[in-house]
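Engineer: Quick one: sequence plus predicted model below, questions after.
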Amino acid sequence: SQQGEEDPQALSIQEGENATMNCSYKTSINNLQWYRQNSGRGLVHLILIRSNEREKHSGRLRVTLDTSKKSSSLLITASRAADTASYFCATETYNNNDMRFGAGTRLTVKP
Amino acid sequence: ETGVTQTPRHLVMGMTNKKSLKCEQHLGHNAMYWYKQSAKKPLELMFVYSLEERVENNSVPSRFSPECPNSSHLFLHLHTLQPEDSALYLCASSQDMGRSSNGYTFGSGTRLTVV
């Protein structure tokens, strides 16, 4: 069953702007991960944040986690046209044998 | 290449055909997964294998039959599929089941069209 739910479903911005995507989930988690998918391709792991962490950075990516609100956000700074892709959050829980994904946010960065 | 290779990349099959999807990883991972991705829907977990043993079958119809002959290879055997089975089928692996400290590694997927 679906665990993460991304918001918005689609986001269109100009190159150079920042993009923020949100993810909400329902149950207690072990960690939350963000993935990127270019059209018709596999998912690529971007960043993992553990349940005892609040913020994590990787290059132009910044992820926050609020376990009290069961939500996370992914911020991409100074976006580029090459950032155009779908972005998914996924959660690992203590009980499941796998990760549960949301339906994703489709990001379009216009040059 | 991610280290997880899926073949074929594209497959068109009739409803009476039998075909197989193949996934291969040489990352030394112990867990492998099949996911189905349909348009505008979340990824659906189909099967989980850990150390070559199936540990989860997520209510998948019997027309999909997985096989894991060793820890590096995973197959999905298909027979008498329906048009609604058309989707992108993704294989993934992780170091261990359910505890992916480095995330999952995905293949590029097989785009399946059932006609």
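Structural biologist: Ah, there it is.
Engineer: you'd agree B:Gln37 is up against B:Gly107?
Structural biologist: No - checked against C-beta atoms under 8 Å, the pair B:Gln37 and B:Gly107 is beyond contact range at 11.9 Å. All C-beta atoms are positioned from the backbone trio N, CA, C, and that covers glycine.
Engineer: who's more crowded, the two?
Structural biologist: Neighbours of B:Gln37 and B:Gly107, each counted by other C-beta atoms under 10 Å in any protein chain shown, are more numerous for B:Gly107; the result is 27 against 23.
Engineer: quick revisit: any residues in contact with both of B:Gln37 and B:Gly107?
Structural biologist: In the contact map built from C-beta atoms under 8 Å, 6 or more residues apart in numbering or on different chains, the residues linked to both B:Gln37 and B:Gly107 are B:Leu90.
Engineer: lowest-pLDDT helix or strand in chain B?
Structural biologist: Across the helices and strands of chain B, the lowest-confidence element by mean pLDDT, DSSP states H and E is strand B:53-57, at a mean of 80.
Engineer: got a pLDDT number for B:His26?
Structural biologist: At B:His26, the model reports a pLDDT of 90.
Engineer: Could you pull up the residues touching B:Thr105?
Structural biologist: Under the contact definition (C-beta under 8 Å, 6+ apart), the residues listed for B:Thr105 are A:45, B:2-4, B:25, B:27, B:29, B:92-94.
Engineer: For it, which residues count as its bridge partners?
Structural biologist: The partner list for B:Thr105 in beta bridges (DSSP bridges) reads B:Ser93.
Engineer: Would you agree A:Thr27 is in contact with A:Arg100?
Structural biologist: No - under the contact definition of C-beta under 8 Å, A:Thr27 does not touch A:Arg100, with a separation of 9.2 Å.
Engineer: Let me know how buried the closest residue in space to B:Glu53 that isn't next to it in sequence is, in neighbour terms.
Structural biologist: Taking C-beta to C-beta, 6 or more residues apart in numbering or on different chains, and ignoring the residues beside it in sequence, B:Glu53 has B:Cys68 as its nearest neighbour in space, at 7.8 Å. The burial metric for B:Cys68, expressed as a neighbour count using other C-beta under 10 Å, is 18.
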